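Novice: take this sequence and fold it.
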Amino acid sequence: MSISSPEPGSTRQRTKVLIVDDSALVRQLLTGIFQRERDFEVVGAAANPLQAREMIRATNPDVLTLDIEMPQMDGLDFLERLMRLRPMPVVMVSTLTARGSEATLRALELGAVDFVAKPKLGIAQGIEAYAEDIVAKVRAAARVRFAPRAAKSAPAPLPALSNRRLSTEQLIFIGASTGGTEAIREVIERLPPDTPAILITQHMPPGFTRTFAARLDTLSRMAVCEASDGQRVLPGHVYIAPGDRHLRIARSGSDYVVALDDTAPVNRHRPSVEVLFRSAAHVAGRNAIGVMLTGMGKDGAAAMREMHDAGAHTVAQNEASCVVFGMPKEAIAAGGVDDVLPLSEIGPHLLRQVAARGGATAHRV
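Specialist: Numbers count the residues shown, from 1 in each chain. Predicted coordinates for the structure are as follows:
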């Protein structure tokens, strides 16, 4: 399934939203949030997937908000059937628990565009606190267009670099938001175990990043973990920014190390891609390679220009392969991007850059 997002001006004036949640309170709260916005129309609120199925036929919504744990049919089962029979933008509304994070990541794998972490306690206050985020994510989802699902085989793993020692000083930095979990997976799972260390900031709340890292670790030939403060950065390893903490690269003597902090959000995000990329520019300089993947907003665009000006090589995902062409577009507009590539070409391109900048020859990919 390929997904693209047209310019905001090409969307219809009012976005039709169908809310699917077994909680009457949540349905009421979400309905109220969307009714306050002039560009939304709530066409229905279903208590379970069976009701939702009939409402979809009757109202033809533009976007679905979908809970996971519901009676009669699990939200994931419903999502899988929906994406097979009638693909449409879906934003998951998931309880913030370990099980909920695993299920949410599975939902993104099945084709959901994004998710909102529903608080376990204080539902009314919690959902109202996230109202701006909910509206922004559903508004972005409304711009996503689904192409017919095409069968494809898993891409072959990429061969190792010809000289493992070259990757010690080089570092790869990746920033992503909406659609990023699957984009990151597609890049990481193909890379060989001697790839330089990779540091990643993906916009994600606490409770989800550890599960995300564990999932990537089972799929990747590199070792993947949720980053911890002071951790030594090593080749063949991937470090994911913890939810609600900024991730930076720092020096400790001759070593690169992870630095985490709880300072104020940047561009409304913590972790922020801006923070990671700026540290890459200042600490790693020309030893860095920066990658901007799919995402909503402009987080990281200014700092990617700083990376570029410091001698780093920079790459942005192209519009056709993005779920939301926001962050890559802003990085390109800021003048900080060397190459714009389809998602499928980014992994091979990274290895070629590592080899070229390290003075070695990589295997042909």
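Novice: got the end-to-end distance for stretch 299-313?
Specialist: When the termini of stretch 299-313 are compared using Cα to Cα, to the nearest Å, they are 18 Å apart.
Novice: run the chain-centre distance for that stretch.
Specialist: In terms of Cα atoms, centre = their mean, to the nearest Å, the centre of stretch 299-313 is set 19 Å apart from its chain centre.
Novice: mind listing what's buried along it?
Specialist: Residues of stretch 299-313 classed as buried: 299-308, 310, 312-313 (neighbour count, 16 or more other Cβ atoms under 10 Å). C-beta: built from backbone N, CA, C; applies to glycine.
Novice: do stretch 109-127 as well
Specialist: Within stretch 109-127, the residues scored as buried using 16+ other Cβ under 10 Å are 110, 111, 112, 113, 114, 115, 116, 117, 118, 127.
Novice: touching, the third one and residue 65? I think so.
Specialist: No. Taking contacts as Cβ atoms under 8 Å, residue 112 lies outside contact range of residue 65: 10.2 Å.
Novice: give me the common contacts of those two.
Specialist: In the contact map built from Cβ atoms under 8 Å, 6 or more residues apart in numbering, the residues linked to both residue 112 and residue 65 are 90, 91, 92.
Novice: bridged to the last one, which residues?
Specialist: According to DSSP bridges, the partner residues bridging residue 92 are residue 66, residue 115.
Novice: stretch 67-75: end-to-end distance?
Specialist: Separation of the first and last residues of stretch 67-75 by Cα to Cα is 6 Å.
Novice: list of residues touching that stretch?
Specialist: Here stretch 67-75 makes contact (Cβ under 8 Å, 6+ apart) with 20-23, 26, 47-50, 66, 76, 78, 92-95, 100, 103-104, 107, 118.
Novice: restricted to buried residues, select the residues you listed in PyMOL.
Specialist: To isolate the buried ones among the contacts of stretch 67-75 in PyMOL, judged by 16+ other Cβ under 10 Å, type:
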select buried, resi 20+21+22+23+26+47+48+49+66+76+78+92+93+94+95+100+103+104+107+118
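Novice: okay, and which of the contacts of stretch 67-75 map to strands?
Specialist: Here DSSP state E is the test, and the contacts of stretch 67-75 give 20, 66, 92, 93, 94, 95, 118 as lying in strands.
Novice: tell me which of the residues you listed is nearest to residue 34?
Specialist: residue 93 (12.5 Å; Cβ to Cβ).
Novice: contact partners for that closest one?
Specialist: Applying Cβ under 8 Å, 6+ apart as the definition, the contact partners of residue 93 turn out to be 21, 26, 30, 65, 66, 67, 115, 116, 118.
Novice: mind redoing it with 10 Å?
Specialist: Contact criterion Cβ atoms under 10 Å, 6 or more residues apart in numbering gives 19-21, 23, 26, 30, 65-68, 75, 104, 115-118, 127, 130, 134, 137 as the residues in contact with residue 93.
Novice: per-residue confidence at it?
Specialist: Among the per-residue scores, residue 93 shows a pLDDT of 87.
Novice: what's the spacing between it and residue 192?
Specialist: Between residue 93 and residue 192 the distance, using Cβ to Cβ, to the nearest Å, works out to 38 Å.
Novice: what do you get for residue 307?
Specialist: In this structure, residue 307 lies at 24 Å from residue 192, with Cβ to Cβ as the measure.
Novice: residue 216 - how many residues pack around it?
Specialist: Using other Cβ atoms under 10 Å, the number of residues around residue 216 comes to 22.
Novice: ok, residue 77 next?
Specialist: 12.
Novice: what segments of the stretch 101-250 of the chain are helices?
Specialist: Residue ranges of the helices in the stretch 101-250 of the chain, as given by DSSP state H, counting those that start in this stretch, are 123-129, 131-141, 180-188, 209-219.
Novice: out of those, which is the most enclosed?
Specialist: Using mean count of other Cβ atoms under 10 Å, the stretch among these with the greatest mean number of neighbours is helix 180-188 (a mean of 23).
Novice: how far is that helix from where the chain is centred?
Specialist: Averaging C-alpha coordinates over helix 180-188 and over its chain gives two centres that are 8 Å apart (Cα atoms, centre = their mean).
Novice: over to stretch 238-247?
Specialist: Taking Cα atoms, centre = their mean, the mean C-alpha location of stretch 238-247 is offset from the chain mean by 13 Å.
Novice: same deal with stretch 18-25?
Specialist: Computed by Cα atoms, centre = their mean, the separation of stretch 18-25 from the middle of its chain amounts to 25 Å.
Novice: return it as PDB; C-alpha atoms alone will do.
Specialist: Below are the C-alpha coordinates for stretch 18-25, written out as PDB (Å, rounded to 0.1, in the frame of the first residue of the first chain):
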ATOM      1  CA  LEU A  18     -16.700   8.700  12.500                       C
ATOM      2  CA  ILE A  19     -15.800   8.000  16.100                       C
ATOM      3  CA  VAL A  20     -15.600   4.300  17.200                       C
ATOM      4  CA  ASP A  21     -15.200   3.700  20.900                       C
ATOM      5  CA  ASP A  22     -17.000   1.500  23.400                       C
ATOM      6  CA  SER A  23     -16.900   4.300  26.100                       C
ATOM      7  CA  ALA A  24     -19.900   6.600  25.900                       C
ATOM      8  CA  LEU A  25     -17.900   9.200  27.700                       C
END
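Novice: for residue 102, see how far away the nearest residue to residue 137 once chain neighbours are set aside is.
Specialist: Closest residue in space to residue 137, ignoring its immediate chain neighbours: residue 114 at 4.6 Å, by Cβ to Cβ, 6 or more residues apart in numbering. Applying Cβ to Cβ, one obtains 17 Å for the distance of residue 114 from residue 102.
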